[in-house]
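*Asks:* whatever this is, show me its structure:
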Amino acid sequence: MIVIVGGSILTPAGIIRSDVLVVDGVVASVQSGVDTQGVTVLDASGCLVGPGFVDLHTHLRDPGQTWKEDLSTGSAAAAAGGFTAITAMPNTDPPLDDPKLLADVSARGRDIGLTDIAVAATVTRGRAGEEVAPLEDLYQAGARLFTDDGDPVANAAVLAEALRRLQRLPGGVLAQHAEDRATATGTARPAGAAEEGMVRRDLEVLREVGGRYHCQHVSSAGTVALLRRARAEGLEVTAEATPHHLTLDNGGADRTDSNFKMYPPLRAPHDREALVGAVREGVIDAVATDHAPHRDEEKAVGYESAPRGVIGLETAASAVWETVAEPLRFFELLAIAPARIAGLSGQGQAIRPGIPANLVVFDPAASWVPRQFASRSRNSPFLGREMVGVVRATVYQGRITHGAPS
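*Replies:* Here you go, the predicted structure:
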């Protein structure tokens, strides 16, 4: 048994001061004055206690590139960041376009037991963009989110077929890496044009065929405007932004430091301001880390040659708190909305008796400086930067996976 004492608890009725008793992996009671004798105590004084965070966009590099990250180190990083569920991207080697591969990753994740690992599947075979993958079989193997992340589904006919087929699979969502490669390689393109062009095209297809569409790592003000209009039309559109795009822009980025090299690139201050406004008003539903590990030696080859991507699981909560600093929206962005989009019924719930004990204790006033990570890689733009907001403890299925009892 665990009792979390002295915290401000997110409940269906809002934030209340209370204790939380966890018994056999389930929240048993939410009330003050719980007897702490003979039970494990987590002191949450001055802290927010809410549903464990859920990441819609995690690169675990397993199979194929486990020197960067693997299921074990990625799970440890997730727990350290307050996450009780993560969605593993399928741009692995080989790609996750085979139900057996997907089932293997899922089973190994369960054996590690530090966080739920919901495995996304590819939209197209081999992520080649030419033929739709066996979506129905992948769905039966557990996939609910389908993406060729790292590459867009560039062929409109392929995108339309995938959207049609996913409509027959309850909860099936197509998540798009929005990047028009033809525009991206242009010599005089406006910043954000490649992203906005792909989203504009995708929304035209969505209007024609229907389905659920999720836009990954939104970065530009123009994309925000397109999504706002699409939602006003009633299209089934959701979107995510990353912690780094919400808190950093190209005015403060060190273009000699490859830990600031990611995709999409950091945009102008006005783009960042548009993203912040969009997450506050709900045009962007969720914050997703796009946790993309690379080893020091891979990032040390110079900015232009270095791979793009940054880690984010262990710094996400601090960056989101910097952006919103409001408990209800904070948990909506990091837990409730992503669990809803990913179809994870045991996650992202306001705390009440009877729910699975997937919880986080977050101290919104404490500061820290990221220097070491549970991740196998350390390619973070927040490395050495003071941040406010500390994950004090993570409870997954009623077990403490991060933090120490009082």
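*Asks:* remind me which helix or strand the closest residue to residue 366 other than its chain neighbours belongs to.
*Replies:* Distance criterion CB to CB, 6 or more residues apart in numbering; nearest residue to residue 366, sequence neighbours excluded, is residue 390 at 4.1 Å. To be clear about C-beta, it is placed using only N, CA and C from the backbone, and glycine gets the same treatment. Assessed by DSSP states H and E, residue 390 sits inside strand 387-396.
*Asks:* the helix or strand just after that strand pairs with which strands?
*Replies:* Next in sequence after strand 387-396, counting helices and strands by DSSP H and E, comes strand 399-402. Each strand paired with strand 399-402, and its direction, by DSSP bridges: strand 387-396 (antiparallel).
*Asks:* contact partners for residue 293?
*Replies:* When contacts are counted by CB atoms under 8 Å, 6 or more residues apart in numbering, residue 293 is found next to 59, 61, 68-69, 74, 309, 311, 375-377, 379.
*Asks:* what residues sit buried inside the strand holding residue 390?
*Replies:* The neighbour-count check on strand 387-396 (16 or more other CB atoms under 10 Å) flags 387, 389-396 as buried.
*Asks:* next: stretch 257-271.
*Replies:* Neighbour-count burial for stretch 257-271, counted by 16+ other CB under 10 Å, picks out 258-264, 266-267, 271.
*Asks:* same question for stretch 65-80.
*Replies:* Under the neighbour-count criterion of 16+ other CB under 10 Å, stretch 65-80 has 65-66, 68-80 buried.
*Asks:* same check on stretch 135-146?
*Replies:* Within stretch 135-146, the residues scored as buried using 16+ other CB under 10 Å are 135, 138-139, 141, 143-146.
*Asks:* can I see the domain layout of the protein?
*Replies:* For the chain, automatic domain parsing gives the domain ranges 2-48+355-402, 52-342.
*Asks:* ranking these by burial, who's on top?
*Replies:* Among the domains of the chain, domain 52-342 has the highest mean neighbour count (mean count of other CB atoms under 10 Å), at a mean of 21.
*Asks:* centre of the chain to it, how far?
*Replies:* Distance of domain 52-342 from the chain centroid (CA atoms, centre = their mean, to the nearest Å) equals 7 Å.
*Asks:* pull up the distance across that domain, start to finish.
*Replies:* End-to-end span of domain 52-342 (CA to CA, to the nearest Å): 14 Å.
*Asks:* next: stretch 162-178.
*Replies:* Note: stretch 162-178 ends 16 Å apart using CA to CA.
*Asks:* tell me the mean pLDDT for it?
*Replies:* Stretch 162-178 shows a mean pLDDT of 98.
*Asks:* good, we can wrap up now.
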